[in-house]
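> Kindly generate the corresponding structure for this input.
(chains A, B, C and D)
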Amino acid sequence: MKECVGMLLAGGEGKRLGALTHHIAKPAVPFGGKYRIIDFTLSNCSNSNIQTLGVLTQYSPLELNKHIGNGKPWDMDRRNGGVILLSPYTAKTGGDWYSGTADAIYQNIHFINQYNPKYVLVISGDHIYQMDYQKLLAQHKETNADATISVIEVPWEEASRFGILNTTDNLRIYEFEEKPAQPQNNLASMGIYMFTWETLKAYLMKDSRQKNSSHDFGKDIIPKMLQDNKRLYAYQFQGYWKDVGTVQSYWEANMDLLDEEDWGLALNNQNWRIYTKDSNFPPQFIGGNAVVNHSMVNSGCFVYGKVDSSVLFTNVRVEEGCTIKQSIIHPGVNVGRNSNLERVIVMENTEIPEGTNIRAGEKEEPVVINQDILDGMLAMTGGGK
Amino acid sequence: MKECVGMLLAGGEGKRLGALTHHIAKPAVPFGGKYRIIDFTLSNCSNSNIQTLGVLTQYSPLELNKHIGNGKPWDMDRRNGGVILLSPYTAKTGGDWYSGTADAIYQNIHFINQYNPKYVLVISGDHIYQMDYQKLLAQHKETNADATISVIEVPWEEASRFGILNTTDNLRIYEFEEKPAQPQNNLASMGIYMFTWETLKAYLMKDSRQKNSSHDFGKDIIPKMLQDNKRLYAYQFQGYWKDVGTVQSYWEANMDLLDEEDWGLALNNQNWRIYTKDSNFPPQFIGGNAVVNHSMVNSGCFVYGKVDSSVLFTNVRVEEGCTIKQSIIHPGVNVGRNSNLERVIVMENTEIPEGTNIRAGEKEEPVVINQDILDGMLAMTGGGK
Amino acid sequence: METMMGLINLEHEHHVFNELTYFRNHASIPLAGRYRMIDFALSNMVNSDIQEVAIFTRSKYRSLLDHLGTGENWDLDRRNGGLYILPPDWNDPTDVSKGDLRFFHNNRDYFNRGKSEYVLISGSQFIANTHYQDAFRSHVDRGADVTLISTMAEKLEDEHTPYFRIQADDLGWVQNITNERNNPMVFTGTYIINKSLLMELVDDCIAYNHDYFFVHGIKDRLSELRVQMYRHKGYSAFINSIESFYRHNMNLLTEENYLELFYKPTFVRTKVSNNPPVNYRQPSTVKQSILANGCYIEGEVEGSVLFREVMVNEGTKIKNSIIMQRCKIEEDVYLENVILDKDVHVTKGQRIIGSKDKPYVVAKRREI
Amino acid sequence: METMMGLINLEHEHHVFNELTYFRNHASIPLAGRYRMIDFALSNMVNSDIQEVAIFTRSKYRSLLDHLGTGENWDLDRRNGGLYILPPDWNDPTDVSKGDLRFFHNNRDYFNRGKSEYVLISGSQFIANTHYQDAFRSHVDRGADVTLISTMAEKLEDEHTPYFRIQADDLGWVQNITNERNNPMVFTGTYIINKSLLMELVDDCIAYNHDYFFVHGIKDRLSELRVQMYRHKGYSAFINSIESFYRHNMNLLTEENYLELFYKPTFVRTKVSNNPPVNYRQPSTVKQSILANGCYIEGEVEGSVLFREVMVNEGTKIKNSIIMQRCKIEEDVYLENVILDKDVHVTKGQRIIGSKDKPYVVAKRREI
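I've put the predicted structure just below:
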């Protein structure tokens, strides 16, 4: 028996991330110079001692499966439990994708049951935050709740962009409003749910038989529970939390890391490490004329040019005469001599020829490029040279 | 780069095994007191130093996935390569099963390519044998073959039940006949293929475009290669080999283990161990009035009755007054007092009540029972007591 | 969440195992067909949700290293935490510590690095299948400094002699720790202690030139500490001599004891082997015995414990004996009240009978 | 298929590392930002398809145990084969062996159990990124008893002094093994030997009371053995003193050397950390340096090697120095030609300048 089993929804397609998610699922998108987005949630589980975690993938799962593997980097390769990848099951009649977040859990009831847990934690793999789920669980037990939803205070003027939970003074939830035009509250749901398994199971089975349900936690399960007057509580989270759902927010969250202390997110917190699959690249090599300011640079990089307010992932090469500013450079990118990049996100293994200039204006969304996009741009402008 | 990548077809449904494969794939069926059928092939790969192995599952893969896990028991949990489970990929449009053995490999070309191998070994997970694939590879290289097919001599009178390879004196194959009425040869294909990857890849791509192809190695790929006069050789295997495709042959193969020395199959060969996921049960306990003769009994068993010429898997309990003869008892079965079983295969976790008598005649096929079947039988006969 | 870290301290354990400890320390002695003594202490720790365990061992630890390997069989092959075997490898020229305090002093890193605030310390001779979660909860709830795990001996035997006895009041507060032979409340050598207190007491012991942490750090300072007793219930044994080793192996040939020790509350973990099931040949007769996988049985076996890969040939009878891994007993042998260590080869026709109180022991790898 | 098993023999390696080996043996000395000396020998073995490696180590091996862990980073956490660290733990009263022969004698099991018929033996001081598959093929094809791996020193330095020199004929057969200082063909301490011959020579050495396997078993018996030489080409270094340690770290600050040692033919494996990328703060200036992850840089760094988690505060300048893991350099410090071992804390305003030939070394955990 396991007290609490985690279920991580990693099926996000991440359409609004454009080219970044053409070939990989959103949780697999590189983040923070070394990581992938999902590493934050996986590390939260590992650090919170959630020893059994089902990861539900569907959209382009290959990269993600390879990344997670047997869970060793997160110390989750356990003999009993650990991290288990759950792909949609291809039945004899041909497989089907999960039709909603609740459906995804419903289809894996047998998986959860085999551990006979008392509680189930449902999280998704596309947010950046550091959180101790044990504290959430402790409150859940204390209030004897059927479900506890983690919430974060958002500025009132942005509240209408979120799912808002209306609560009584003791944080008991009496109403859930998805993107309310006139928010009564500024406590936004973070998409992190702690359920008492017996209760959730019953609701999932009932919901699965509802033809007109979209089988979604936010739209169907939670409202139904509220309607039945179940004990739902909000858990107030303090700290950094960001949904990196758009190119702009993805870029911002990376930039936030450069001043991480200001944001309460700490990659170098020894007690709350973010783990990832290690690439084993040698230490970075900084050349004689390089200037690196206000940036994060990962192992395997060779830097000869100027790097300012940027994030360089593994194995990036910046030649002499380059200026990289407010940019995010994914692994394996070579930036040829005398190139200038400003507010650019360069995708994996792109070869940028000598003398390339790309910049997005201060008010524009940062530019995302990969080899195809770059080749197209260069063909139009007559090449980088 | 890996010299040779293995591809293990573990999708077999095993219909002719009846109840034994109602809920699990054929390769996952328990075998030999401790193992599952697929353990023999997996152990062959491990012992042959095939360090990268794709396992293709489709029919009821859950049990199989759980059994194989990260490949640790077979020492195949490697940082690069190791054992990788490949389920049919659920595409956006809904998934589909492999349409034939060749199609299964075709759909995983990208998987094989990432290791850039020179050779690909194609095997299936439902035969019982111990074989060093390095010897097959050595001959394949020596003869500079495009494909090498492992064969075994079968009695002439049975040859028409097999796929027969007709060869020249130096073992070059000039013809493949599926179940020939008038066999010209008694060298039967064991369904074990070593291919030069470049050649195979070309044939798989061509075959995938053939609308009327059944996408099968035996029916399509091999005949096409022969037609093109490719270099195909037979590799002659000496030793025990059995396709456990029917209840009768499954029973026989288990019985063969009781006289393993006579058959050239050796479970206790220190240099060719058969590995499996260990259950960690304590040693078996043999009671004061027990009589165990000519049998294999696994750990976790408690035996108080008489066991003769039988195979007892993990955690089987045989109470006083019982007689178990020529039977195969899967894990977790309890046999109540004064029961008699003869030529019976009892499936996992069946509770056999006191005084149950079941036997199959010497000429009949052994009886397969599980809890449902047993309950049905007892209801008809008025119960075991 | 409050957690414990583990320490198995093999220093200062009394034992007389003669032949069985020529080449291994007592924690590595094979037991019950497939286990080693240390498996019990280690499994109990893992079953108590302990994720890092250190082992203090002075010598003959090679077979211990071999047995424990990467720790994977106990789920202790971790990136963070895991298993630390700490033989003496001391290079601090200023070190003045003695006895087991040298281990504590030279392994401060282990304690400092661990996140847990409590330490569960045990030896290897108390054999039971249990967990210490309830004891831990009691330790925390009662605000104890130390909680000693005791067991009530049903019948006092020689094997209990070396262990301390505990006198506690009705609320479990320990009044006295003695050597009083007739007190059946035996200290199991297992105790829970607050980590910061442990480190403090260690410093103190070293300052006063002491050489035995439990005796000088806890027993002698009982009046200054809040020491609780927690009683272990259920089957258990102390194994510290050939005689107690033999007797307790024989005790396991009763299904009731066997189930108590090996099936409750969970399995005892040990190194897995890849041996096939036991192979019973035509004329074999086996009664009232425990057999591990890989055995090959042609002869008779009665009232005995057979470890992995034992071969018993035709015409041979083994009675009330313990036969360890890979022993080969040829034809027409008779063995009674015998303990064969690993890899012993008994040639054809031998007849050996030991006494029930003092079994005949053959050391590893001998041919007789 | 013919295969080799590995042995890293740390006995008899000459070295003078002073401060750097107070608490660790030379195989554990940190190198090039994130490695340890032993990583090179070990990675080269694994890259030669060797699946089991033993390490003979006499003392101060605690940090070696820590570094190597379960062996997973070298893919040596195997059920069969894997990594065997073999400190002295000897209990054979009849043992008369001496020197490294005690290790060979007491670890016969390792050699007997392995399936390979060949053994690759090396030390830890020859630093190169290579594999020995070609040397192995040559060993087998030529039917040699022993194949010695040599390298041609471009310029003979002090660090070459302790190593044997090899004279071989045009076909590679070794004619002489000498101490001739001016012969640039240096023996790397790495050799391939047939396992059965190894065991035979070991017995022989023990019978004659010898204490150094390579010298007495191979060098002195050269005339009786078929000994081949195989020349390693490409970047390499011998590190056996503070001076050679410093010089070779500095040599890596040329991209050409760095690529040669770390990118060809494959990565050198080491223990992975979970440190974030290097964090460059606003005013930092870093030039011609190697930096490992987890560093936090506010000041200036030039011509230096920074290990993981080094903190360089504002106003500080570090020049031509080697700063090991977790050192903390406060504000307004100036360091030149300095080696700081792990966890050194340099307080505000310090100014330390060593000589280029004899860098200033600060031992582990000091505060200055």
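
> name the element the residue in the stretch 251-385 of chain A positioned nearest to chain B belongs to?
Proximity to chain B, evaluated over the stretch 251-385 of chain A using C-beta to the nearest C-beta, is greatest for A:N280 at 9.1 Å. In short, each C-beta sits where N, CA and C put it, glycine included. Following DSSP states H and E, there is no helix or strand that holds A:N280.

> hang on, it packs against D:V272?
Yes - with contact defined as C-beta atoms under 8 Å, A:N280 reaches D:V272; the gap is 6.8 Å.

> The strand ranked longest in chain C - what's its average pLDDT?
Longest strand in chain C by number of residues (criterion: DSSP state E): strand C:185-194. In this model, strand C:185-194 has an average pLDDT of 96.

> now swap in stretch C:198-213 and tell me
94.

> May I see the buried residues of it?
C:198-199, C:201-203, C:205-206, C:210-213 (16 or more other C-beta atoms under 10 Å in any protein chain shown).

> Looking at those residues, which one is closest to chain B?
Proximity of the buried residues of stretch C:198-213 to chain B (C-beta to the nearest C-beta) peaks at C:L198, which lies at 32.6 Å.

> SS state for that closest one?
In three-state terms, and counting by DSSP: H, G, I helix; E, B strand; the rest coil, C:L198 is helix.

> measure it to chain D for me?
Using C-beta to the nearest C-beta, to the nearest Å, we find C:L198 at a distance of 21 Å from chain D.

> likewise C:Y61?
Per C-beta to the nearest C-beta, C:Y61 is found 6 Å from chain D.

> quick one, what contacts that residue?
C:25, C:28, C:85, C:87, D:89 (C-beta atoms under 8 Å, 6 or more residues apart in numbering or on different chains).

> 6 Å - rerun?
C:25, C:87, D:89 (C-beta atoms under 6 Å, 6 or more residues apart in numbering or on different chains).

> Go through these and single out the one with the most neighbours.
C:N25 (24 neighbours; other C-beta atoms under 10 Å in any protein chain shown).

> nearest spatial neighbour of it, skipping sequence neighbours?
C:K60 (4.3 Å; C-beta to C-beta, 6 or more residues apart in numbering or on different chains).

> mind checking the SS state of the one you found?
Applying three-state DSSP: C:K60 is coil.

> Does A:Q130 touch A:W272 like I think?
Yes - contact criterion C-beta atoms under 6 Å: A:Q130 and A:W272 qualify, at 5.4 Å.

> Among those two, which residue is more densely surrounded?
A:Q130 (20 against 17).

> Please name every helix or strand in contact with the longest strand of chain C.
Helices and strands touching strand C:185-194, by 3 or more C-beta pairs under 6 Å, 6 or more residues apart in numbering or on different chains; DSSP states H and E, are strand C:118-122, strand C:146-152, strand C:165-168.

> Need the residues that contact the shortest one.
What it means is strand C:165-168. By C-beta under 6 Å, 6+ apart, strand C:165-168 touches C:150, C:174-178, C:180, C:183, C:185, C:187, C:229.

> Could I get those in CSV, plus columns for secondary structure?
Below are the contacts of strand C:165-168 laid out as CSV (three-state DSSP):
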residue, secondary structure
C:S150, strand
C:V174, strand
C:Q175, strand
C:N176, strand
C:I177, strand
C:T178, strand
C:E180, coil
C:N183, coil
C:M185, strand
C:F187, strand
C:M229, strand
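
> Which member of those residues is positioned nearest chain B?
Out of those, the member with the shortest distance to chain B (by C-beta to the nearest C-beta) is C:S150, at 26.5 Å.

> count of neighbours near that closest one?
If we define neighbours as other C-beta under 10 Å, then C:S150 has 24 of them.

> Could you point out which residue ranges in chain C have low pLDDT?
Residue ranges of chain C with pLDDT under 70: C:1.

> near chain D, which residues of it show up?
Within chain C, the positions lying close to chain D (C-beta under 6 Å from any C-beta of the partner chain) are C:23, C:60-62, C:70, C:77, C:89, C:91.

> surely C:F267 meets B:N280?
Yes - look at C:F267 against B:N280 with C-beta under 6 Å: they come within range, at 5.0 Å.

> which stretches of the stretch 101-250 of chain A form strands?
For the stretch 101-250 of chain A, the strands defined by DSSP state E, counting those that start in this stretch cover A:119-124, A:127-129, A:147-153, A:163-167, A:173-178, A:187-196, A:232-236, A:241-243.
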